[in-house]
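Student: Build the 3D model from these lines:
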Amino acid sequence: MDIAVIVKFLAPCLPFLMTMGNKAAEGASQKVGEDVWNRAKVIWAKLQPKIEAKEAAKEAAEDVAKNPDDEDLQGSLRVQLRKILEADTALAEEIAKILQAGIDKPGDNIQMIANAYDNSTVKQVGKIEADSVTF
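Tutor: Numbering: from 1, shown residues only. Alright, predicted model coming up:
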């Protein structure tokens, strides 16, 4: 299992997962998308007890929650998660299945390339079924 994938997946969600209020949940699903948020919650529910039990892992998760884009902080969390998952292979397998579930669903993995000009933003992106696209 690639620990870096888990950390990259959880990093944008950690600020919300660590504070878990109703407003936090709203912000998370808007920021990362409903499917990612739901899978992140399930993964976090499995990891949190192990992370909370280990002070270094807890500190690493808190640091990433404060600054999710910091590669160095993510590296520290990767080290801690590697130790946890190497000690609990059943947990590692469960998390791998959760991550894989999102990849296996057709239509969910969409690559989008967008150019923004004059401070424009993409307000909403919907899912397009492959059968309905014509070229």
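
Student: in the helix or strand harbouring R78, what's buried?
Tutor: Assigning secondary structure by DSSP states H and E places R78 in helix 71-87. Of the residues in helix 71-87, L73, Q74, S76, L77, R78, Q80, L81, R82, I84, L85 count as buried by neighbour count, 16 or more other Cβ atoms under 10 Å. Where C-beta positions appear, they are placed from N, C-alpha and C, glycine not excepted.

Student: quick one: the helix or strand following that helix to helix 71-87, angle?
Tutor: Where DSSP H and E defines the elements, the next helix or strand beyond helix 71-87 is helix 89-104. For helix 89-104 against helix 71-87, the angle between stretch directions is 120 degrees (axes from the mean of the first three to the mean of the last three Cα atoms, to 10 degrees).

Student: same for helix 89-104, what does it pack against?
Tutor: Where contact means 3 or more Cβ pairs under 8 Å, 6 or more residues apart in numbering; DSSP states H and E, helix 89-104 is packed against helix 3-10, helix 34-53, helix 71-87.

Student: Can you tell me what sits against the last one?
Tutor: If you take Cβ atoms under 8 Å, 6 or more residues apart in numbering as the criterion, helix 71-87 is touched by 1, 3-4, 6-8, 11, 47, 50-51, 54, 56-57, 60-61, 63-64, 67, 91-92, 95.
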